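K.L.:
Take this sequence and fold it.
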Amino acid sequence: MRSISSIVYTFAFASLSLVAGFLVPTTHRLGSVVNKLATKSPDVDTSTPAYEDPSGLFRHGSSGYVPAGLTEKEYASLRQKEADHHAQMNYAAWGPRFRPSDGPVADDMAWMVMPELWTGTTTLDHNDETDDTDDPLPLGPDFLQHAKPWSHAGGSAAWGETYRRFSEGTSVHQMVADLAGKTNDDGLLAAKTCEVVGHILQGVAHHGGCVDGSEDAERLDLDRLAIHVAPHRSDWDAMQKAELLLETDITSAPDSNDDETGETMLCGAVSQSDFLRTILKVRFDTQAEKDDDDDDPLKEFSEEDIADMQLCLDWYITLRRIGISSPFDDAPSKE
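P.N.:
Purely as a prediction, here's the structure:
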């Protein structure tokens, strides 16, 4: 009689033999399946199926989005056209589109390009010396309250339409664009700006700053015109001194034109260019009384600079002629 241990041994051996006999053919069958897959017929597509876009935005075979109604080539051409257009634009330019500038177009915009303003080191000191000595023209709502029409003002043939449009709300930039068209010629734009602002100031002298000419009418808002070279205190002082040096009173008589040069003669006595030369000598030459015809200070400036100086002088002449002789002294003092 076998012992229990021998029976267990015999059973264990038989079980291992059965398992071994089963595993061998199973491994063999798995290998056969792998071999069959490897040698599968080539006419069956086993690649990953193409992605089907349910939105329909990405067309079959395209490299990206193409709007409905356009071919890929048409869309590429449109994008290139837009890129070329944007490449020609200067989105950081100052000034209006018809007269771009490398810097602010007015003193009241200069603060935008002060690095100290954005770095937190600027302090606002209303008692600063520059503010006290070079104040801007105080064009408040009551600035023209006591203005009177100039007694020697001429007709309105040249400036009447410009003054009317400005009093109705049309901007100087718009009127310059209407005259100059689509041009980037700085010289032409400066000349047209000088012409438009000059016409408005002629209207101010004729009407005393009133919108429609009657004394009871609403006063014109000259603050809209301040961006166009309205004089500061130092400018006014220099022009006032120049008028004294020229020994003329620009309010005393009507203007005339020189028969030879065609230049405007202020009160029939002094040309505008001579007035500008005297102003420059006052500003930059300690011997302003010395008359040196061989040294013309205007030669040092461009046409655009001279046009700006002319506008500043037009402001002075106009305000003097409507009875505003000391606008900075009459203005409220700064607190």
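K.L.:
Am I right that K148 is in contact with G208?
P.N.:
Yes. Here K148 reaches G208: they are 4.9 Å apart, a contact under C-beta atoms under 8 Å. All C-beta atoms are positioned from the backbone trio N, CA, C, and that covers glycine.
K.L.:
of these two, who's got more company?
P.N.:
For K148 and G208, the more surrounded residue by other C-beta atoms under 10 Å is G208, and the numbers stand at 23 against 15.
K.L.:
The more buried one reaches R321, doesn't it?
P.N.:
No. Distance between G208 and R321: 9.5 Å, which falls outside the contact criterion (C-beta under 8 Å).
K.L.:
Need the residues touching each of K148 and G208.
P.N.:
By the contact definition C-beta atoms under 8 Å, 6 or more residues apart in numbering, K148 and G208 are jointly contacted by I322.
K.L.:
Assign A83 to helix, strand or coil.
P.N.:
Reducing the assignment to helix, strand or coil with DSSP: H, G, I helix; E, B strand; the rest coil, the entry for A83 is helix.
K.L.:
Check what pLDDT it gets.
P.N.:
Turning to A83, the model gives it a pLDDT of 91.
K.L.:
Equivalent analysis for W94, please.
P.N.:
Looking at W94, its pLDDT stands at 71.
K.L.:
Mind listing the residues bridging to it?
P.N.:
When assigned by DSSP bridges, W94 has beta-bridge partners S101.
K.L.:
sorry, back to before: now the common contact residues for G208 and R321.
P.N.:
Residues touching both G208 and R321 (C-beta under 8 Å, 6+ apart): W150.
K.L.:
Show me the helices in the protein, by range?
P.N.:
4-38, 72-88, 115-119, 129-133, 160-167, 172-180, 186-207, 233-245, 272-284, 303-321, 327-330 (DSSP state H).
K.L.:
What helices and strands are in contact with the last one?
P.N.:
If contacts are counted by 3 or more C-beta pairs under 8 Å, 6 or more residues apart in numbering; DSSP states H and E, helix 327-330 sits against helix 233-245.
K.L.:
please redo it, this time with the cut-off set to 10 Å
P.N.:
For helix 327-330, the elements it packs on are helix 233-245, helix 303-321, judged by 3 or more C-beta pairs under 10 Å, 6 or more residues apart in numbering; DSSP states H and E.
K.L.:
for those helices, which one sits closest to L189?
P.N.:
Checking the helices and strands packed on helix 327-330 against L189 by C-beta to C-beta gives helix 303-321 as the closest, at 8.5 Å.
K.L.:
tell me the angle that closest one makes with helix 272-284.
P.N.:
90 degrees (axes from the mean of the first three to the mean of the last three C-alpha atoms, to 10 degrees).
K.L.:
and helix 303-321, which residues are buried?
P.N.:
Within helix 303-321, the residues that count as buried by 16 or more other C-beta atoms under 10 Å are 304, 307-321.
K.L.:
Thank you kindly, that will do.
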